[in-house]
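Student: A predicted structure for the sequence below; I have some questions about it.
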Amino acid sequence: MGRAIAGFLLGMAGGAALAVALAVAAAWLFDISQMEGAYAMGVAFFYAPLGALVGGVIGAILLARE
């Protein structure tokens with residue numbers, strides 16, 4: 001049980017970091033407008049939590065099955 005929790009927490013950190021990095025790269029590569037910070041709000045309140053959730057589940061599965 002402890003390994004699954006550790007995997008979930010590590011996966012959350014990695015997933016959120018990866019989601020934010022991909023969103024910043026997409027804004028730079030595809031010239032997404034930063035008008036009024038709407039894109040940044042989407043990244044902070046949708047993409048980062050989604051990446052954390054997906055990364056947490058994957059991390060828990062990977063460490064729990066060993």
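Tutor: Okay, I see it.
Student: could you say what helices and strands the longest helix anywhere in the chain packs with?
Tutor: Looking across the chain with DSSP state H, the single longest helix is helix 2-29. Packing contacts for helix 2-29, counted by 3 or more CB pairs under 8 Å, 6 or more residues apart in numbering; DSSP states H and E, involve helix 48-64. C-betas here are computed from N, CA, C, even on glycine.
Student: rewinding a little: distance from the chain centre to the longest helix of the chain, please.
Tutor: Taking CA atoms, centre = their mean, to the nearest Å, one finds helix 2-29 lying 3 Å from the centre of the chain it belongs to.
Student: same question, stretch 21-38
Tutor: That offset, for stretch 21-38, works out to 16 Å (CA atoms, centre = their mean).
Student: For it, which residues meet the burial criterion?
Tutor: residue 23 (16 or more other CB atoms under 10 Å).
Student: What's the end-to-end length of that stretch?
Tutor: Terminal residues of stretch 21-38 lie 17 Å apart, using CA to CA, to the nearest Å.
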